[in-house]
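> Here is a sequence with its predicted model. Questions after.
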Amino acid sequence: MDQPTHGCVLLLDGTPDRRRGALPNPTAHAIAGANPRGFLAAASADVVQLPAMAGPQSVLAYLQDAVRVPGPLLIWITGHLMVPARRSTELHLALRESTTATVRYTGLPWEWLTRTLREHTGPTLLLVDVEADAHAWPHVTAAAHDGRLADGLALHGMITPTPAKPSLEAGPYTRAFLTALSVGNPAAGPALDPALPHQLALTQATLPEGFLALAYGSAGPVLANRAAPPRTTAPPAAPTAPASAPVPTASAPAAVPAPARQEEDPLPGILAAAHAGRHNEAAAMAAAWEQQALRRHGPHSPEACLWIEVRADLARLAGDHPRAAELWLSAASHRLDRGGPADAEALAALKRAHYCWQHSGDRAALLAPALLALWERVPDSEEAAADVRARLTGEMPPVGSR
């Protein structure tokens, strides 16, 4: 009997300015909600969704974990491509804090992505549905035409000019591609050539003017052909969550609680993974639950705020105090906006933000203005505000840099 193949799906959302009130990327949501595990031509799969990621090193770590999985690997990227404003033509995938002025430091260099994916020993496919602004467009098209964009990888997808207003629904290419995946090809085997759904998406979707279609290389057996007869030589894959819920894991899919089952408390499993040192897995699970809370209750809901706080504590457990401080600041701001300065939970979140900020080393100076602004909204907080001002003016170094 054949041994079941284990693969990985990594959903990477490169959407900047998520904290400035923009809605979550609808294209990324459509992919995450369409049962990504079922995309893969494998009996089982890890599925990791990276929404609103900050910092190229963090994304690189997830990519390095993904390429260690020996089976088929699918990387599906949405969001924005950028080029630094000055002195560089290097393409970057924008991350949460990226602008054209900062993307050199805050975005993921595209060369990091392709170089890491080339290390994967199994079949690999890169699917792309991204936007590029006017400044980046000539560099993107040049990289597409000379092959640097794929850099030897199997890559299918499209790039569109950034619209004047963000769309409130998933991109037409992705919607059509997902439809083609669900239909499959009855005449083919268990794996589906990505060229088929790619061509169907290009011909059946109403695409924006000026788009750039991408099709490079042969991926091998990565995409599952849902129209093929079921395999009888290997045990069936474990049941997946309903299509409305993303199912992220990092090492053990069966241990991941399905977000749709609200009667189960996911926190024990998430914290157990974190305390066992599986920080990427814990962060991915929490991010998926946060995405479900955003979809069901909205970005300013108590449910969404709870998951910001969970991710903040996971960052602290992982030793990433700057990221923890940033998330606690976001949670404190949410709670102050909703409950006012007398809200006990808002004050608790602000105190946790202050603690993590004190241990943020060189990043403390960048976080200090936001922390000070929140303390100034709270009565009787002169001592805490004075501490921030002292560190901001350089009179006292942050704890983490001593």
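Done, it's in. Residues are numbered from 1 along each chain as shown.

> Could I get the buried residue list for the strand or helix carrying Q199?
Using DSSP states H and E, Q199 sits within helix 195-204. Neighbour counts over helix 195-204 (16 or more other Cβ atoms under 10 Å) mark L196, P197, H198, L200, A201, L202 as buried. C-beta coordinates here come from the backbone N, C-alpha and C atoms, glycine included.

> packing partners for it?
strand 155-161, helix 172-183, strand 212-216 (3 or more Cβ pairs under 8 Å, 6 or more residues apart in numbering; DSSP states H and E).

> out of the buried residues of helix 195-204, who's nearest T124?
Nearest to T124 among the buried residues of helix 195-204: H198, at 15.8 Å, using Cβ to Cβ.

> picking that back up, can you add mean pLDDT, distance to E290 and mean neighbour count and give the helices and strands packed on helix 195-204 back as a markdown table?
Supplementary listing: these in a markdown table, determined by pLDDT from 0 to 100; distance: least, Cβ to Cβ, whole Å; neighbours: other Cβ atoms under 10 Å:
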| stretch | mean pLDDT | distance to E290 | mean neighbour count |
| --- | --- | --- | --- |
| strand 155-161 | 94 | 26 | 23 |
| helix 172-183 | 85 | 21 | 20 |
| strand 212-216 | 90 | 30 | 17 |
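
> got the phi/psi numbers for S98?
Here is the backbone geometry of S98 (degrees, to the nearest 10): phi -80, psi 140.

> what residues are up against it?
Applying Cβ atoms under 8 Å, 6 or more residues apart in numbering to S98 gives the contacts P16, H80, M82, H92, T106, G107.

> could you check the distance from it over to I77?
Separation of S98 from I77 (Cβ to Cβ, to the nearest Å): 14 Å.

> Name the nearest residue to the most centrally placed residue in the chain, sequence neighbours excluded.
Among the residues of the chain, the one closest to the centroid is L50, at 1.9 Å (Cα atoms, centre = their mean). Leaving aside its chain neighbours, L50 sits nearest to L12 (5.1 Å; criterion: Cβ to Cβ, 6 or more residues apart in numbering).

> Direction included, what does the strand or helix carrying that neighbour pair up with?
Taking DSSP H and E as the criterion, L12 maps to strand 6-14. For strand 6-14, the paired strands and their directions (DSSP bridges) are strand 44-50 (parallel), strand 73-82 (parallel).

> Quickly, which of these bottoms out on average pLDDT?
For those, mean pLDDT drops lowest on strand 44-50, to a mean of 86.

> could you point out which element follows that strand?
Taking DSSP H and E, what comes next after strand 44-50 is helix 56-67.

> what comes up buried for that following helix?
Neighbour-count burial for helix 56-67 flags P56, S58, V59, L60, Y62, L63, D65, A66, V67 (criterion: 16+ other Cβ under 10 Å).

> now these as CSV including pLDDT and distance to W375?
Below are these laid out as CSV (pLDDT from 0 to 100; distance: Cβ to Cβ, whole Å):
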residue, pLDDT, distance to W375
P56, 89, 31
S58, 86, 28
V59, 89, 32
L60, 91, 34
Y62, 89, 34
L63, 92, 37
D65, 90, 38
A66, 91, 40
V67, 92, 43
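
> I'd like those residues as CSV, with distance to G171 appended.
Formatted as CSV, those follow (distance: Cβ to Cβ, whole Å):
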residue, distance to G171
P56, 24
S58, 25
V59, 21
L60, 25
Y62, 23
L63, 23
D65, 27
A66, 23
V67, 26
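
> so who does L347 touch?
Taking Cβ under 8 Å, 6+ apart as the criterion, L347 is in contact with P341, V378.

> So it lies in a strand, does it not?
No: according to DSSP: H, G, I helix; E, B strand; the rest coil, the state of L347 is helix, so it is not within a strand.

> Distance-wise, check it relative to R335.
L347 is 8 Å from R335, by Cβ to Cβ.

> Next, give phi and psi for L223.
The phi/psi pair for L223 (degrees, to the nearest 10) reads phi -80, psi 140.

> still on that earlier bit, any idea which of the strands paired with strand 6-14 gets closest to W137?
strand 73-82 (9.0 Å).

> In terms of pLDDT, where does the nearest residue in space to T100 that is not next to it in sequence sit?
Nearest non-adjacent residue to T100, counting by Cβ to Cβ, 6+ apart: A85, 4.3 Å away. pLDDT for A85: 81.

> next one: the one 10 residues further on
At L95, the model reports a pLDDT of 89.

> low-confidence ranges in the stretch 301-402 of the chain?
Along the stretch 301-402 of the chain, segments meeting pLDDT under 70 span 394-402.

> quick one: the helices in it?
302-317, 321-339, 344-358, 364-375, 382-392 (DSSP state H, counting those that start in this stretch).

> Deepest in the core, which of those is it.
helix 321-339 (a mean of 23; mean count of other Cβ atoms under 10 Å).

> Now do it: which elements does it pack against?
Counting contacts by 3+ Cβ pairs under 8 Å, 6+ apart, helix 321-339 is packed against helix 302-317, helix 344-358, helix 364-375.

> Pipe those into JSON lines and attach distance to A284 per row.
Below are these laid out as JSON lines (distance: least, Cβ to Cβ, whole Å):
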{"stretch": "helix 302-317", "distance to A284": "10"}
{"stretch": "helix 344-358", "distance to A284": "21"}
{"stretch": "helix 364-375", "distance to A284": "24"}
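
> wait, isn't H29 in contact with A288?
No: with contact defined as Cβ atoms under 8 Å, H29 does not reach A288; the gap is 11.4 Å.

> Who has more neighbours out of these two?
Ranked by neighbour count (other Cβ atoms under 10 Å), H29 and A288 place A288 first, with 28 against 22.
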